[in-house]
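# Can you look at this prediction? I've put the sequence above it.
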Amino acid sequence: MDLVLVRYAEMGLKSRAVRKRFENILIENMMSALAGESIEGIVSTEQGRVFVQTDQIDRAAKALSRVFGVSSVSPVIKTTSELGDMRRAIAAYSLGLMEDGKSFAVRARRTGEQPYTSMELAKELGSAVWLANEPKHPKVDLTRPDLEFFAEVRDKRGYIFSQYIDGPGGLPMGSQGRVVALLEKESDAVAAWLIMKRGCRVIGIGAEGSEPVKILRLWDPDMRLVPPGEIADLVKRNKAVAAVFGYGLEDFEKIKGIDIPAPAFFPIIGMTKEEIEERVTAIRG
């Protein structure tokens, strides 16, 4: 494998002009994420899909799954849309994954004009997997298989894979402006992360090496930090569109005391302590 297929969801609902702008921002963020892990890659786009060619597939897939706007990624094998080519590709691929007596299923979908339906494609590829692994006594189970193979056909190209690695979804970071975020405790990191997912780039108010900063660095290695000070001054100085706080209902007096020349966001105000802890665990990965 030398290709990672990257999908986005919410961006696809935008108008063509907005989607193109968001796609460009997404690609910039993807390249930044790869560079942060010293991974070289070539990015290309095609009909609502983004592809990354690299010789470090697993590391690249992990890095790309932490890019806001990405709904999922899959390491894939690229082939043509010809049935013979796809049968050979999935047969060879399955040999390294199938175990003795395990069940499998093939899920296929297609766009464009091909001389077969998605159901016919799944049947043909399923037959190829079964024949290639016949000595291992494979079983077909379309409901709860031990292993799933996926095939996507887009016009003249086909892609074979077995993994969907979830991304955070949302909008590309930086597409909705920048905000300042108070980073004193882990709940502040959760609040900032939720705003980052909505497309904002966060300027952190806190100290390098603190726990909330460490958490957010996993998602934005280039996040800029500023020292603590008057929030209103920091909003003006950094031309932020809003300020973000990890306050809950128990911090009502602090909330009443906020006076800044921009909107104040409290993304976790309705969350319980347990919900916040679950979020922290998930964000850390």
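Okay, I see it.
# C-alpha only now, for contacts and for neighbours.
Fine.
# which stretches of the chain have low pLDDT?
Counting by pLDDT under 70, the low-confidence segments of the chain come to 1.
# Can you spell out the domain ranges of it, please?
Structural domains annotated on the chain: 3-78, 82-155, 178-284, as defined by automatic domain parsing.
# With Gly169 as the reference, name the closest of those.
domain 3-78 (4.3 Å; Cα to Cα).
# Which among the domains of the chain is found nearest to Ser162?
Nearest to Ser162 among the domains of the chain is domain 82-155 (4.7 Å), distances taken as Cα to Cα.
# what about that closest one, how long is it end to end?
End-to-end span of domain 82-155 (Cα to Cα, to the nearest Å): 10 Å.
# now do stretch 32-52
Using Cα to Cα, first and last residues of stretch 32-52 are 13 Å apart.
# gap between that stretch and the chain center?
12 Å (Cα atoms, centre = their mean, to the nearest Å).
# try stretch 94-107
On Cα atoms, centre = their mean, the centre of stretch 94-107 falls 26 Å from the chain's centre.
# ok, residues contacting it?
Stretch 94-107 is contacted from outside by 122-123, 125-126, 129, 132-133, 136-142, 145-151, using Cα atoms under 8 Å, 6 or more residues apart in numbering.
# what about it, how long is it end to end?
14 Å.
# Name the residues of it that are buried.
For stretch 94-107, the neighbour count (16 or more other Cα atoms under 10 Å) marks 94, 98, 103-107 as buried.
# which two from those end up farthest apart in space?
Spanning the widest gap among the buried residues of stretch 94-107 are Met98 and Arg107, at 15.9 Å by Cα to Cα.
# rewinding a little: of the buried residues of stretch 94-107, which belong to strands?
Members of the buried residues of stretch 94-107 lying in strands (criterion: DSSP state E): 103-107.
# Compile those into JSON lines and extend it with columns for distance to Val244.
Formatted as JSON lines, those follow (distance: Cα to Cα, whole Å):
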{"residue": "Ser103", "distance to Val244": "49"}
{"residue": "Phe104", "distance to Val244": "47"}
{"residue": "Ala105", "distance to Val244": "46"}
{"residue": "Val106", "distance to Val244": "45"}
{"residue": "Arg107", "distance to Val244": "42"}
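# Please report the distance of the residue of the chain most remote from its centre from Val106.
With distances taken from the mean C-alpha point of the chain and given as Cα atoms, centre = their mean, the most distant residue is Pro135, at 37.5 Å. Pro135 sits 19 Å away from Val106, taking Cα to Cα as the criterion.
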